[in-house]
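J.: After the sequence you'll find the predicted model.
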Amino acid sequence: MAAGIIVLVLVVVALVTAFSAIKIVPQGYEFTVERFGRYTRTLKPGITVLTPFVESVRRRVSMMEQVLPVPQQEVITKDNVGVQVDAIVFIQVMDAAAAAYRVQNLNNAITQLAMTNLRTVVGSMDLDEVLSQRDHINSRLLDVIDQATGPWGVKVARIEIKDLQPPPDITNAMTRQMKAERERRAVITEAEGEKQAAITRAEGSKQATILQAEGRKEAAFRDAEARERLAAAEAQATKVVSDAIEGGSVNALNYFVAQKYVEAFGKLADSNQQRTVIVPADFAGIGGSIAGVLELVRGAQGGPSPPPPRSPQPPRNPPAPATAAPTSGS
């Protein structure tokens, strides 16, 4: 009975020893191994057998990228303005042994390092620079903290400013400044628009004036040309009439008399105030004048000249009284 108990105890001890000697390291982690309290090696992901009662696992280090929040703190800028600032740091352990044995409480050390350097960087800049140059702040912090954490076996991937909160009075002043700046830009834009509109209207008026002047010039030129042609035609007609008179033809005089007679009669008939038209009793004389004109035209065209007309005789009887013919407007 006692022997059975001893055997059972030995089996249990063997099982416990075997399970304590066999170590399985998950992916993304590395374990440090110590022998009698001294670091000997680092276990990679997989299964490993340790020497029982001699070797033991000391630290389990995550090799995955981690995110460390930097608590919010008040930082005084170069122009003496208090700003509430917080950030986040992305780190990754590259050497498990250095991270385990060269610094105690790695995450807290990196957080404190980021807070102190954040105060240093922000405190060396004005408020406007802090608000407008976040990328510059991130780059400076990354360079400083990555260099400081290198001996710890840690790689700082990036640092991002999470939030910047100026005092409320500064925020209100910035809001008013932004509003004034936008109003100024709006006024400038409106003035530029009015300026362009005035220039456009002036250009349009100028073009219109030029076109009107060109139109008047063209009209005057055409009027002058028409008067010149009319004068030439009248001169030619006068020359023809003069030549006819010199040849002893009386038809030219009859032409001028008939022309003036017809023009005067047309003006009398076209008058708006005239309700009656005075028709001469010897209205048939117009026909003779027209016949004389036709003879004059045939003579100018080189046709056979008619017999010379008889000289006008004084009327034997007094002319009959004129009769009034009502017009269509009466």
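T.: Okay, I see it.

J.: Where does Met86 sit: helix, strand or coil?
T.: Slight slip there: residue 86 is Asp, not Met. State at Asp86, reduced to three classes by DSSP: H, G, I helix; E, B strand; the rest coil: strand.

J.: Give me the distance between it and Ala231.
T.: Look at Asp86 and Ala231: by Cβ to Cβ, to the nearest Å, they are 100 Å apart. (Glycine included, C-beta is placed from N, CA and C.)

J.: And these two? Which one has more around it.
T.: Set side by side, Asp86 and Ala231 show unequal neighbour counts under other Cβ atoms under 10 Å, the larger going to Asp86 at 16 against 10.

J.: Dihedrals phi and psi, the closest residue to Trp152 other than its chain neighbours?
T.: Closest residue to Trp152 in three dimensions, ignoring its sequence neighbours and counting by Cβ to Cβ, 6 or more residues apart in numbering: Val103, at 4.8 Å. Backbone torsions for Val103, taken as degrees, to the nearest 10, come to phi -150, psi 140.

J.: Val103 and Glu183, how far apart?
T.: The gap separating Val103 from Glu183 is 55 Å, by Cβ to Cβ.

J.: Compare these two (neighbour count), which wins?
T.: Taking Val103 and Glu183 together and counting by other Cβ under 10 Å, Val103 has the greater number of neighbours (17 against 10).

J.: From what I see, that one and Gly150 are in contact.
T.: No: using Cβ atoms under 8 Å, Val103 and Gly150 do not qualify as a contacting pair, with a distance of 11.6 Å.

J.: returning to what we had before: and the residue nearest to Trp152, what pLDDT?
T.: As predicted, Val103 sits at a pLDDT of 91.

J.: Look up how far Arg35 lies from it.
T.: When distance is defined by Cβ to Cβ, Val103 is 22 Å away from Arg35.

J.: can you give me the strands for the stretch 51-200 of the chain?
T.: Listed from the start of the chain, the stretch 51-200 of the chain has strands (DSSP state E, counting those that start in this stretch) covering 55-62, 66-76, 82-93, 154-165.

J.: The third one pairs with which strands, and in what direction?
T.: It refers to strand 82-93. With DSSP bridges as the test, strand 82-93 is paired with strand 66-76 (antiparallel), strand 154-165 (antiparallel).

J.: closest one to Ala96 among these?
T.: Between Ala96 and the strands paired with strand 82-93, the shortest separation by Cβ to Cβ is 10.5 Å, and it involves strand 154-165.

J.: buried set for that closest one?
T.: Applying a neighbour-count criterion of 16 or more other Cβ atoms under 10 Å, one finds 154, 156, 159-161, 164 buried in strand 154-165.

J.: go on, stretch 142-151?
T.: Within stretch 142-151, the residues scored as buried using 16+ other Cβ under 10 Å are 142, 144-146, 148-149.

J.: pretty sure Ala148 contacts Leu113?
T.: Yes: under the criterion of Cβ under 8 Å, Ala148 lies in contact with Leu113, with a separation of 5.8 Å.

J.: re the thing from before, got a markdown table for the buried residues of stretch 142-151, with pLDDT and distance to Arg60 too?
T.: Formatted as a markdown table, the buried residues of stretch 142-151 follow (pLDDT from 0 to 100; distance: Cβ to Cβ, whole Å):
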| residue | pLDDT | distance to Arg60 |
| --- | --- | --- |
| Leu142 | 93 | 28 |
| Val144 | 92 | 29 |
| Ile145 | 93 | 24 |
| Asp146 | 91 | 25 |
| Ala148 | 92 | 24 |
| Thr149 | 92 | 20 |
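
J.: Sort out which one of those residues lies nearest Asp223 for me.
T.: The closest of these to Asp223 turns out to be Leu142 (Cβ to Cβ; 87.1 Å).

J.: Tell me which residues touch that closest one, please.
T.: For Leu142, the contacting residues are 156, 158-159, taking Cβ atoms under 8 Å, 6 or more residues apart in numbering as the criterion.

J.: can you redo these as a markdown table with distance to Val54?
T.: Conversion of those to a markdown table gives the following (distance: Cβ to Cβ, whole Å):
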| residue | distance to Val54 |
| --- | --- |
| Val156 | 37 |
| Arg158 | 42 |
| Ile159 | 43 |
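
J.: Just the closest of these to Ser242, please.
T.: Checking these against Ser242 with Cβ to Cβ, the nearest one is Arg158 at 112.4 Å.
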